[in-house]
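Undergrad: Here is a sequence with its predicted model. Questions after.
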Amino acid sequence: MKVFREIRELKEYLKIERIKAAKDRKFPKTGLVPTMGFLHEGHASLLQRARQDNEIVVLSIFVNPIQFGPNEDFDRYPRDEDKDLALAEREGVDAVFLPSVEEMYPHPTATKIKVEGLTERLCGASRPGHFDGVTTVVGKLLHIVQPTNAYFGQKDAQQAAVIAQMVQDLNFDVEIIPCPIIRESDGVALSSRNVYLSAEQREAAKVLSRSLQKLQSGVEAGESITAGEALKALTEAIQAEPQAVIDYVEIVHYPRLNPVEESAILKDAKEPVLVALAVKFGTTRLIDNVILMKKGEALHV
């Protein structure tokens, strides 16, 4: 496994690897897993899928300052480079890209990528400018690495939809592949931010997955639950937990992210439906979701 901190060095490495393969009449696929580090088994699952699909696997680790608002947790976002590199090596990563802020943004950023329509709801409503930072840094990474495939976790379902729209609109030659949420044994979705939670808050956070899974089970069992009824039940369940403060509870079509009518029966939906939550426990904001689909239907973004 090789570690690169400069764009020039990573691009040169990838060029050489591709030339080597071409001499053997091979056309290697490259998989990119973009992360902000402090890796956990959710990230490991993305790397495993990338390893399965591609000859070259690139992991990027970069805490991107331009996707954080002025009162958010950029400075205290958890970091552990040694642990991250150990996990990457365990998962058979070929190249790790670990740039500094100065390497990625040597000058104030005059150019940003903005995806309209998908970024105003859900997390975009309470984090203005967040997705402009996400799309800009992912756009840079796609340009630098030029991967065949790029992998994103379903926990950040809105992010995956926004990036897929950017890729389509700007003709990036890459396939965006969404991967399932990885949960701890008690159902809580793995997140780098879970480290901020106190023991009491961590226990309270179970209400998110518990509420979502109850709704999903009902829909899959054929119950005629409307979107309005689901929103009411989810909101009441979360509000019953004293530690929880709701940012949003929404039900939208996926990946278009337009609202599902409250009278619509969820089991009869003609396209995937995203049930998404953002809830604060103390100062820690957690997101979680389920995507309701017909049996055997594949998820696309």
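TA: That came in fine, so what should we check first? Numbers count the residues shown, from 1 in each chain.
Undergrad: residue contacts, Arg121?
TA: Gln158, Glu250, Val252, Leu257, Pro259 (Cβ atoms under 8 Å, 6 or more residues apart in numbering). Every C-beta, even on glycine, is put in place using the N, C-alpha and C of the backbone.
Undergrad: Quick one: buried ones out of those?
TA: Gln158, Glu250, Val252, Leu257 (16 or more other Cβ atoms under 10 Å).
Undergrad: quick one: the third one is in a strand?
TA: Okay, so that is Val252. Yes. Assessed by DSSP: H, G, I helix; E, B strand; the rest coil, Val252 belongs to a strand.
Undergrad: and it, what are its bridge partners?
TA: Per DSSP bridges, residues listed as beta-bridge partners of Val252: Pro259, Leu274.
Undergrad: wait, it sits on Ala269?
TA: No. Val252 is not in contact with Ala269 according to Cβ atoms under 8 Å; the separation is 10.9 Å.
Undergrad: buried stuff in stretch 143-161?
TA: Under 16+ other Cβ under 10 Å, the buried positions of stretch 143-161 are 144-161.
Undergrad: Can you check which residues contact both of Val252 and Ala269?
TA: Common contact partners of Val252 and Ala269 (Cβ under 8 Å, 6+ apart): Val260.
Undergrad: Measure how buried the nearest residue to Gly69 once chain neighbours are set aside is and give me the count.
TA: Residue nearest to Gly69 in three dimensions, not counting chain neighbours: Arg127, with 6.0 Å by Cβ to Cβ, 6 or more residues apart in numbering. Per other Cβ atoms under 10 Å, the neighbour tally for Arg127 reads 19.
Undergrad: Would you mind giving me the confidence score for Arg127?
TA: In this model, Arg127 is scored at 94, pLDDT.
Undergrad: those strands in the stretch 201-301 of the chain, which residues are they?
TA: With strands called from DSSP state E, counting those that start in this stretch, the stretch 201-301 of the chain shows them at 244-253, 273-281, 284-292.
Undergrad: Output those in TSV, with distance to Leu170 appended to each entry.
TA: Listed next are those as TSV, based on distance: least, Cβ to Cβ, whole Å:
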stretch	distance to Leu170
strand 244-253	23
strand 273-281	23
strand 284-292	25
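Undergrad: List just the one of those that sits closest to Arg8.
TA: Closest to Arg8 of these is strand 284-292 (Cβ to Cβ; 35.4 Å).
Undergrad: circling back to that earlier point, would you point out the most distant pair within the buried ones among the contacts of Arg121?
TA: Gln158 and Glu250 (9.8 Å).
Undergrad: shared neighbours, these two?
TA: Contact criterion Cβ under 8 Å, 6+ apart; residues shared by Gln158 and Glu250: Arg121, Leu122, Leu274, Ala276.
Undergrad: what about the third one, distance to Gly218?
TA: Leu274 sits 17 Å away from Gly218 when distances are taken as Cβ to Cβ, to the nearest Å.
Undergrad: Which of those two has more residues huddled nearby?
TA: Regarding Leu274 and Gly218, a neighbour count based on other Cβ under 10 Å identifies Leu274 as having more, with 22 against 17.
Undergrad: Isn't that one up against Tyr254?
TA: Yes. With contact defined as Cβ under 8 Å, Leu274 reaches Tyr254; the gap is 4.0 Å.
Undergrad: Look up how far Lys267 lies from the residue nearest to Ala276 when sequence neighbours are not counted.
TA: Nearest non-adjacent residue to Ala276, counting by Cβ to Cβ, 6+ apart: Asn289, 4.3 Å away. Distance of Asn289 to Lys267, given as Cβ to Cβ: 18 Å.
Undergrad: between the two, which one's more packed in?
TA: Neighbour totals were compared for Asn289 and Lys267, and Asn289 leads with 24 against 17 (other Cβ under 10 Å).
Undergrad: circling back to that earlier point, specify which member of the shared contacts of Gln158 and Glu250 is nearest to Ala244.
TA: Closest to Ala244, out of all of the shared contacts of Gln158 and Glu250 and judged by Cβ to Cβ, is Ala276, at 15.2 Å.
Undergrad: Spit out the contact partners of that closest one.
TA: Neighbours of Ala276 in contact, by Cβ under 8 Å, 6+ apart: Leu122, Ala157, Gln158, Tyr248, Val249, Glu250, Ile251, Val252, Ile287, Asp288, Asn289.
Undergrad: Much appreciated, bye for now.
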